[in-house]
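Student: this one's sequence-less:
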């Protein structure tokens, strides 16, 4: 009788010991995009703790089981891979991948089905500090001049060829670390602090409404990242 009781007690203790570990797992929902608004399908999402791998659907969405504190590795051909740390309160993760500069990587991203609409990526130009040394330039405007097709600088205004003016101004909308800024704030950015610069035109700038009708210049700083 004593042996049976001891065995049952041991089984209960093992069950109680494993239960908290299971309760720490939770469902995380997320979305993978490029240039803040373009959904990436078939992007690979790997959970560090469990090695579980899932792929995003046609609109960039995914769901995985993770621990309370975990990490994701997000990859898509033609884009820089990204490690994302997920803290306990987070229930929804928005991961924005940066495309590797170059025409070849645009073709790779489209060829592997990460972007369904071919025109969406070709309406975007990008420079990243992994492939471009911003620190060699005087200011942020100097780094932009001649680096993006159809983009010119007039004083403190950035003009994008082919834009549609609805506001009376021809200048592109300026966005720094997710915040819309004026020319003075934009001009005060040190090239040493720049992580990447993206130029959106045509339909890609529609996420900003009428304010983005003249195109959008998006700067992400190292501190903002």
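Tutor: Thanks, I have the structure now. Quantities reported herein were computed from a predicted structural model and do not represent experimental measurements.
Student: which ones are touching residue 62?
Tutor: 29-32, 43, 45, 54-56 (Cβ atoms under 8 Å, 6 or more residues apart in numbering). Heads up, the C-betas are built off the backbone N, CA and C, glycines and all.
Student: out of those residues, which are buried?
Tutor: Buried subset of the contacts of residue 62 (neighbour count, 16 or more other Cβ atoms under 10 Å): 30-32, 43, 45, 54, 56.
Student: turn these into a markdown table, columns for pLDDT and distance to residue 108.
Tutor: As requested, the buried ones among the contacts of residue 62 are exported to a markdown table (pLDDT from 0 to 100; distance: Cβ to Cβ, whole Å):
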| residue | pLDDT | distance to residue 108 |
| --- | --- | --- |
| 30 | 94 | 23 |
| 31 | 94 | 21 |
| 32 | 94 | 16 |
| 43 | 95 | 13 |
| 45 | 97 | 19 |
| 54 | 96 | 21 |
| 56 | 95 | 16 |
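Student: inside strands: which ones of those?
Tutor: Among these, the members falling in strands (DSSP state E) are 30-32, 45, 54.
Student: out of those residues, which is nearest to residue 151?
Tutor: Distances from residue 151 to those, taken as Cβ to Cβ, are shortest for residue 32 (27.1 Å).
Student: now stretch 184-203: how far from the chain's centre is it?
Tutor: Chain-centre distance of stretch 184-203: 16 Å, with Cα atoms, centre = their mean, to the nearest Å.
Student: only the buried residues of that stretch, if you could.
Tutor: 186, 189, 191, 193-202.
Student: now do stretch 169-183
Tutor: Residues of stretch 169-183 classed as buried: 171-176, 181 (neighbour count, 16+ other Cβ under 10 Å).
Student: same check, this time on stretch 72-88
Tutor: 72, 74, 76, 78-80, 82, 84, 86.
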